[in-house]
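In: kindly generate the corresponding structure for this input.
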Amino acid sequence: MRTNRASGMRKAFAVLLVALAPTVYAAEEAAEEGHSDANWKSWHAENEVANLASLQRGARNFANYCSGCHSLKYVRYQRMATDIGIPTELLEKYLLPANAKATDYMMSPMPTKDAEGWFGKAPPDLSLIARSRGPDYVYQFLNTFYVDPTKQTGANNLRLEGTAMPHVLSDLEGLKRAVFKTEESKGEDGKVSTKKVFDHFEEVAPGKLSHEEYTTFVRDIVNFLDYAGEPAQVARRSLGVWVVLFLLVFTWLAWMLKKEYWKEVH
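Out: Residues are numbered from 1 along each chain as shown. Alright, predicted model coming up:
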C-alpha cells in the first residue's frame, strides 16, 4: 500500500514539475553568481545533470521554444522520458509532436530548404552542442542577445557575433540594448588604435520573467542539452567511483601477492 502511494506521489510530483513555471534561485545564490554585464565571459551555467526537476523543466522549455527549429537527432523521446522521470501520459500530452511516436528521435519539423531561405542556413542539431562548446558557452549565448537594427532578425549576440538566430526568448527576457565604449591602445610601432568594447546592457522593454527567473529558465535548458549530449553520464560517473575503488583494492592485493612471491628472493 505504501509503495503504491509513494509511486503515485512521485508521478504527481513529476506532473507538477513539467506543468508549472520554473522555480527561481534564492537571492543569495544569484548574488554569489556575480552576474555583472561586463563580466559576461565568466558566467557559468552551474547546471546539475543529476537534478531531475531541472531536466524536466529543461525538456519542457526545449519542446516549447527550441524544437521548432532545432533537433536532437541522437535522443529518442522514450529514452529521454525514462531517464528524467516523465510519465508516458505526460510525454504524449505535452512533449510529443503530432503524429510522432515515443520511439522516434527528437527531430525538428522545419524543412531544411525553408530554414535556409529564412535564416540563410539551417539551424544546427543540438545533440552535442553542450559537449562540443561546453555548457557555459550555451548559457552565455542565451543570455547575451541584444537589439541590433542592422541585422535581419533585429538581434545580435555577444557570444556569437552576427548570429542568424533570432532572439526567440525575447518575450521572456525582454529586450535590451548593448552599450559599448571605445578603448585606445598603443602598438609596438607607436600608433594608437581604438576598439569597441562592450560595457553593459540597457533595458529597452521588460519581459514576462524577472532576471532571476530568466537565468533559471536558461539554466534548465542548458542542463537538458548537457544531458542530451551524453544521457548515460550520471550512471557513468557513479560507476566510475566503484571502478576506481576496485582498482585501488586490486592494486593493494597485487602488491601483497608480489610481496609474498618475492619474500624468499635476496
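
In: contacts and neighbour counts: CA atoms only from here.
Out: Fine.

In: count the neighbours of residue 91 for me.
Out: Residue 91 has 20 neighbours, counted by other C-alpha atoms under 10 Å.

In: looks like it contacts residue 79 (just checking).
Out: No. In terms of C-alpha atoms under 8 Å, residue 91 does not count as a neighbour of residue 79; the distance is 11.1 Å.

In: what residues are shared contacts of these two?
Out: Counting by C-alpha atoms under 8 Å, 6 or more residues apart in numbering, residue 91 and residue 79 have no common neighbour.

In: where does this structure have low pLDDT?
Out: Within the chain, the segments meeting pLDDT under 70 span 1-35, 266.

In: could you list the domains of it?
Out: 2-231, 242-266 (automatic domain parsing).

In: give me whichever of these is most buried.
Out: A comparison of the domains of the chain by mean neighbour count, using mean count of other C-alpha atoms under 10 Å, puts domain 2-231 on top with a mean of 16.

In: what residues does the residue positioned nearest the centre of the chain make contact with?
Out: Taking C-alpha atoms, centre = their mean, the centroid of the chain lies closest to residue 222, which sits 0.8 Å from it. Residues in contact with residue 222 (C-alpha under 8 Å, 6+ apart) are 45, 47, 58, 130, 135, 138-139.

In: among those residues, which lie within helices?
Out: 58, 130, 135, 138-139 (DSSP state H).

In: where exactly do the helices run in the stretch 101-250 of the chain?
Out: 112-119, 129-132, 135-143, 170-173, 211-229, 233-261 (DSSP state H, counting those that start in this stretch).

In: out of the ones you listed, flag the one nearest residue 40.
Out: Relative to residue 40, the nearest member of these by C-alpha to C-alpha is helix 135-143, separated by 7.0 Å.

In: and that closest one with helix 211-229, angle?
Out: 130 degrees (axes from the mean of the first three to the mean of the last three C-alpha atoms, to 10 degrees).

In: hmm, who's touching helix 135-143?
Out: Residues contacting helix 135-143 (C-alpha under 8 Å, 6+ apart): 40-41, 43-47, 129-130, 157-160, 215, 218-219, 222-223, 226.

In: could you single out the nearest of the contacts of residue 222 to residue 248?
Out: Of all these, residue 248 sits closest to residue 47, with 30.6 Å by C-alpha to C-alpha.
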